[in-house]
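# With the sequence up front, the predicted model follows.
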Amino acid sequence: MDSDRSGLAEITIKSVILGAVLSAIMGAANMYFGLFAGMTISATIPAAVISLGILRLFRKYNILENNFIKTSASAGESLAAGVIFTLPALVIMNFWDTFYYWPITIIALFGGVLGVLFTIPLRRSLIVEEKLKFPEGVAAAEVLESGYRGGSDILYIVKSSIAGALFKVGAGGLKIWAETIEGAKAIGGTVAYFGSNLSPALLSVGYIVGLNTAILMFIGGAFNWCAAIPSVAFQYDWPVYQLKSEIATEKIGGWNTFALEYKTVKPDATELEKKQAEDFNADVDSKLGKPVEAIEYASQIWSKKTRYIGVGGMLIGGLWTIFKLRRSLFKGIIDGVNAYRRVVKTAAPAVERTEKDMPMKWVLICILGSIVPIFLLYEHFVGKVYVSFPMAVVMVLTGFLFSAVAGYMAGLVGSSNNPISGVTIATVLLSAFLLVFLMGRTAANGPAAAVIIGGVVCCAAAISGDVMQDLKTGQIVKNTPWKLQVAEIIGTVSAAFVMAPVLMILYKGYGFKGHVSGLDATGFPKEDALSAPQANLMESVAKQVFSGSVPWTYVLIGIAVAVLVIILDEILIKRGSTFRTPVMAVAIGIYLPLELETPILAGGIISYLIYRYHRKRNTAKEVVQEGDKRGLLLASGLITGEALMGVIIAIPIALQVPLALPIPAAVKNIIGNWPGIILLIFVGWWLYRTARIKTQQ
């Protein structure tokens with residue numbers, strides 16, 4: 001066999017089939033987790049280990065074939081992010097009454113394929129010449145190499161996946177304990193809140209992203225829920241009442257919490273004025289339901305007002321990222337195009353196998369071919385060529401720009417930290433303003449058209465970061481680039497065809513917060529409704545641009561906060577500090593519910609404790625790396641197991657098959673949430689012990 005592994009097969013029947021199947025499975029898992037937690041985690045390393053474990057069942061297999069399968073599988077996880085961050089908004093805004101198979105499939109399929117194609121001209125520049133870190137790509141290469149040296153890494157994922165799945169069954173299926181512990185209290189004229197989700201997956205997210213990012217997310221959440229929300233609540237009288245008429249018409253989040261006022265009667269009022277005030281107040285009383293609980297009141301303030309602080313922060317974060325990378329992006333585009341020109345001019349039969357990309361001619365043909373069905377889909381919803389055509393152009397330009405940003409950021413900080421939410425918000429805002437200009441504010445389908453454009457761009461940007469990570473892995477283990485690009489397309493296509501069914505299962509099983517599907521029979525939010533934070537955000541932004549009701553005060557506050565965070569980060573960079581303040585982490589923290597960020601902080605603390613343990617003992621670098629790999633695999637398994645089980649138990653819930661154990665209320669009150677708390681502490685200890693690797697003194 002040649003030293004560059006040129007004699008090894010890459011595209012085989014089993015690699016194509018296994019890659020397609022794993023892509024669909026990883027995509028389904030990430031759809032649940034993203035709708036639940038508001039973020040997704042790169043599946044590159046888990047996919048590498050899982051595919052290796054499956055390949056060992058065959059008599060013949062090799063490392064390049066393994067990487068081909070891993071590349072296809074990880075594409076499903078990335079495509080899921082693009083879909084769930086945007087398309088549920090079409091149901092939440094009541095543009096769709098359900099999830100329609102072919103529109104979702106077309107958006108996911110062609111948006112994802114465009115993401116693959118957009119990155120091909122950038123591969124040489126970003127991977128070969130820029131020499132970016134690509135942390136997940138490098139780590140995945142090490143996992144593949146060690147697997148062929150006889151490692152048993154698959155066991156960490158198998159055991160932790162089972163644990164994560166069982167945890168989800170106990171909390172979300174059998175309902176032995178609640179998935180969230182939270183409390184809020186009215187204090188004077190304001191509201192104090194604190195909460196935590198009992199999720200091993202969120203704990204694992206904190207471990208993966210590390211203490212720095214976990215702290216920033218928690219600070220952002222604490223700023224919103226412990227400062228901004230109480231400040232807004234202080235402006236209104238307590239208690240706040242729910243209006244019966246609002247619930248009767250199922251206006252989600254429609255409690256008139258900020259405009260419920262009685263008429264006061266002045267001492268010198270006439271009898272007529274007294275009677276009018278009395279009648280007015282009686283009318284108010286007739287509409288009152290029960291007082292809104294403090295937790296729901298805080299959630300309403302977050303939903304209507306203070307989450308837009310996070311919107312302003314993410315918008316500036318996305319624009320700042322593009323600004324900082326402007327020179328590298330332009331250089332990458334120009335270098336990539338020039339490289340292809342050199343190949344064409346020299347007729348390049350001598351181009352090395354490990355440098356062969358898909359031919360540029362076919363890339364351009366495929367890009368143009370992908371635009372046509374998306375244009376036709378726009379035309380189907382909008383029905384006006386003078387609107388559909390310019391918006392298709394906007395989609396191509398923003399898709400390419402943000403795909404380049406996502407690819408560069410994947411090399412810089414990894415796929416899991418990519419600012420996909422920020423660039424998607426920027427796309428939806430830009431598209432909405434353009435559509436207002438082209439269609440007018442009264443266009444009923446204008447907000448939906450903006451979200452559809454955002455969906456295509458989000459799918460492209462999400463896939464592009466994954467492509468770059470996988471191509472970096474391929475560079476290290478010596479795959480052929482064009483074959484991995486084919487693997488990405490296979491994974492994207494196979495995952496695209498399962499997006500709509502999984503969305504429907506999750507929609508029917510859990511429902512979405514901010515939509516009627518997320519309410520119980522009494523009109524109050526269901527405990528297990530999926531938060532779908534990015535989709536709720538896209539819905540609000542698109543609709544409010546058309547209605548002219550964007551809460552700019554809070555958006556501007558977010559912009560100001562983001563500017564301060566950016567200035568602080570630049571100061572820390574100049575001082576050479578190891579602690580950084582990336583603005584997107586803070587902005588996402590402000591936007592997400594605090595209950596999600598508390599276990600993430602706990603996971604970050606576990607990561608830091610392991611770091612301190614090894615630093616004090618001056619542990620050998622190889623031991624630390626092995627521990628990091630074990631911890632990452634265990635954490636990835638916990639996320640995968642919990643997410644897959646979330647999809648599975650949604651099926652009987654959607655079919656109205658009861659899963660919860662008939663535990664008497666008195667018993668539930670006694671045991672409370674302690675089983676979940678104790679088990680989560682055990683999971684944290686297990687993660688710590690696995691990743692630490694005790695050294696001999």
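Alright, I've got the coordinates.

# biggest helix in the protein by residues?
As assigned by DSSP state H, the longest helix anywhere in the chain is helix 621-654.

# what comes up buried for that helix?
Residues of helix 621-654 classed as buried by neighbour count (16 or more other Cβ atoms under 10 Å): 624, 626-650, 653-654. Any C-beta I mention is one placed from the backbone N, CA and C, and that applies to glycine too.

# again with stretch 359-374
Neighbour-count burial for stretch 359-374 [16+ other Cβ under 10 Å]: 360, 363, 366, 367, 370, 371, 374.

# can you list contacts of the helix or strand that contains residue 679?
For residue 679, the host element (DSSP states H and E) is helix 674-692. By Cβ atoms under 8 Å, 6 or more residues apart in numbering, the residues outside helix 674-692 that reach it are 156, 163, 167, 170-171, 176-179, 181, 198-200, 203-204, 207, 599, 602-603, 606-607, 609-610, 613-614, 627-628, 630-632, 634-635, 638.

# again, only using 7 Å
163, 167, 171, 176-177, 198, 200, 203, 207, 602, 606, 609-610, 613, 627-628, 630-631, 634-635, 638 (Cβ atoms under 7 Å, 6 or more residues apart in numbering).

# same question, stretch 197-207
Stretch 197-207 is contacted from outside by 33, 37, 39, 41, 163-164, 167, 171, 179-181, 214, 595-596, 599-604, 606-607, 631, 635, 638-639, 642-643, 673, 676-677, 680, 683-684, 687, using Cβ under 7 Å, 6+ apart.

# Please apply the same query to stretch 576-593.
Under Cβ under 7 Å, 6+ apart, the answer for stretch 576-593 is 38, 212-213, 216-221, 223-224, 307, 309-311, 313-314, 316-317, 320, 419, 421-422, 531, 533, 558, 562, 565-566, 568-569, 572, 597.

# ok so, going back, separate out the buried members of the contacts of stretch 197-207.
The buried subset of the contacts of stretch 197-207 (16+ other Cβ under 10 Å) comprises 33, 37, 39, 41, 163-164, 167, 171, 179-181, 214, 595-596, 599-604, 606-607, 631, 635, 638-639, 642-643, 673, 676, 680, 683-684, 687.

# Just the angle for the helix holding residue 679 relative to helix 621-654, thanks.
Using axes from the mean of the first three to the mean of the last three Cα atoms, to 10 degrees, one finds that helix 674-692 and helix 621-654 are set 150 degrees apart in direction.

# which helices and strands sit right next to the helix or strand in which residue 300 is found?
In this structure, residue 300 sits in helix 294-301 according to DSSP H and E. Using 3 or more Cβ pairs under 7 Å, 6 or more residues apart in numbering; DSSP states H and E as the contact test, the elements touching helix 294-301 are strand 180-187, strand 190-197, helix 229-233.

# Can you list the helices and strands that the longest helix of the chain packs against?
Under the contact definition 3+ Cβ pairs under 7 Å, 6+ apart, helix 621-654 sits against helix 13-37, helix 44-55, helix 154-168, helix 200-223, helix 481-509, helix 674-692.

# That one: what's the following helix or strand?
Downstream of helix 621-654 (by DSSP H and E), the next one is helix 665-671.

# and that next one, C-alpha only, in CSV?
Backbone C-alpha positions of helix 665-671 (Å, rounded to 0.1, in the frame of the first residue of the first chain) are rendered in CSV as follows:
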residue,chain,number,x,y,z
ALA,A,665,-49.7,13.1,43.8
ALA,A,666,-48.9,12.6,47.5
VAL,A,667,-45.9,10.4,46.6
LYS,A,668,-44.8,12.8,43.9
ASN,A,669,-44.8,15.6,46.4
ILE,A,670,-42.6,13.6,48.7
ILE,A,671,-40.0,12.5,46.2
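
# Mind checking the pLDDT average for it?
For helix 665-671, mean pLDDT is 77.

# what does stretch 589-609 give?
Here the average pLDDT along stretch 589-609 is 90.

# Quick check: pLDDT value at the nearest residue to residue 494 once chain neighbours are set aside.
Of all residues not flanking residue 494 in the chain, residue 20 sits nearest, at 3.7 Å (Cβ to Cβ, 6 or more residues apart in numbering). As predicted, residue 20 sits at a pLDDT of 93.

# you'd agree residue 20 is up against residue 72?
Yes: judged on Cβ atoms under 7 Å, residue 20 makes contact with residue 72 at a distance of 6.3 Å.

# Between these two, tell me which one has more neighbours.
Neighbours were counted for residue 20 and for residue 72 using other Cβ atoms under 10 Å; residue 72 has more, 34 against 22.

# residues contacting the residue nearest to that one when sequence neighbours are not counted?
Residue nearest to residue 72 in three dimensions, not counting chain neighbours: residue 19, with 2.7 Å by Cβ to Cβ, 6+ apart. Neighbour list for residue 19: 68, 69, 72, 73, 487, 490, 491 [criterion: Cβ under 7 Å, 6+ apart].

# could these go into TSV alongside pLDDT?
Output for these, formatted as TSV (pLDDT from 0 to 100):
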residue	pLDDT
68	93
69	92
72	92
73	89
487	93
490	94
491	94
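
# and which of those residues is nearest residue 378?
The closest of the contacts of residue 19 to residue 378 turns out to be residue 491 (Cβ to Cβ; 25.7 Å).

# The closest one reaches residue 80, doesn't it?
No: assessed by Cβ under 7 Å, residue 491 is found out of contact with residue 80, at 11.2 Å.

# So for those two, which residue has more residues nearby?
Taking other Cβ under 10 Å, residue 491 and residue 80 do not tie; residue 491 has more neighbours (35 against 32).

# what about the nearest residue to residue 93 once chain neighbours are set aside, distance to residue 450?
Distances taken as Cβ to Cβ, 6+ apart put residue 539 closest to residue 93, at 4.5 Å, once the chain neighbours are dropped. Between residue 539 and residue 450 the distance, using Cβ to Cβ, to the nearest Å, works out to 10 Å.

# circling back: could you confirm the residue nearest to residue 93 falls within a helix?
Yes: when DSSP: H, G, I helix; E, B strand; the rest coil is applied, residue 539 is found to be in a helix.

# confidence score at it?
If you check residue 539, the pLDDT there is 88.

# Now for it: which residues touch it?
Applying Cβ under 7 Å, 6+ apart, the residues contacting residue 539 are 89, 92, 93.

# residue boundaries of the helices in the stretch 1-150 of the chain?
With DSSP state H, counting those that start in this stretch as the criterion, the stretch 1-150 of the chain has helices at 13-37, 44-55, 63-84, 88-92, 101-119, 123, 135-147.

# From the contact counts, what lies against the last one?
To tie it back to what came earlier, the one meant is helix 135-147. Looks like helix 135-147 contacts helix 44-55, helix 63-84, helix 446-477 (3+ Cβ pairs under 7 Å, 6+ apart).

# Any chance you could list what contacts the shortest one?
Think helix 44-55. 18, 22, 26, 61, 65-66, 69-70, 73-74, 136-137, 139-140, 143-144, 147, 153-154, 157, 469-470, 632-633, 636, 640.

# buried ones in stretch 607-624?
607, 608, 610, 611, 613, 614, 619, 624.

# Low-confidence ranges, the stretch 1-150 of the chain, go.
Filtered on pLDDT under 70, the stretch 1-150 of the chain yields the residue ranges 1-3, 41-42, 129-133, 135, 149-150.

# Please repeat the previous calculation with a cut-off of 50.
Applying pLDDT under 50 to the stretch 1-150 of the chain flags the ranges 1.

# cool, and the chain?
Across the chain, the ranges flagged by pLDDT under 50 are 1, 245-260, 347-348, 696-697.

# Tell me which residue is most central in it.
residue 39 (2.8 Å; Cα atoms, centre = their mean).

# wait, which of the helices of the stretch 1-150 of the chain is closest to residue 229?
For residue 229, the closest of those is helix 13-37, at 20.4 Å, according to Cβ to Cβ.

# orientation of that closest one relative to helix 101-119 in degrees?
Going by the same axes, to 10 degrees, helix 13-37 makes 110 degrees with helix 101-119.
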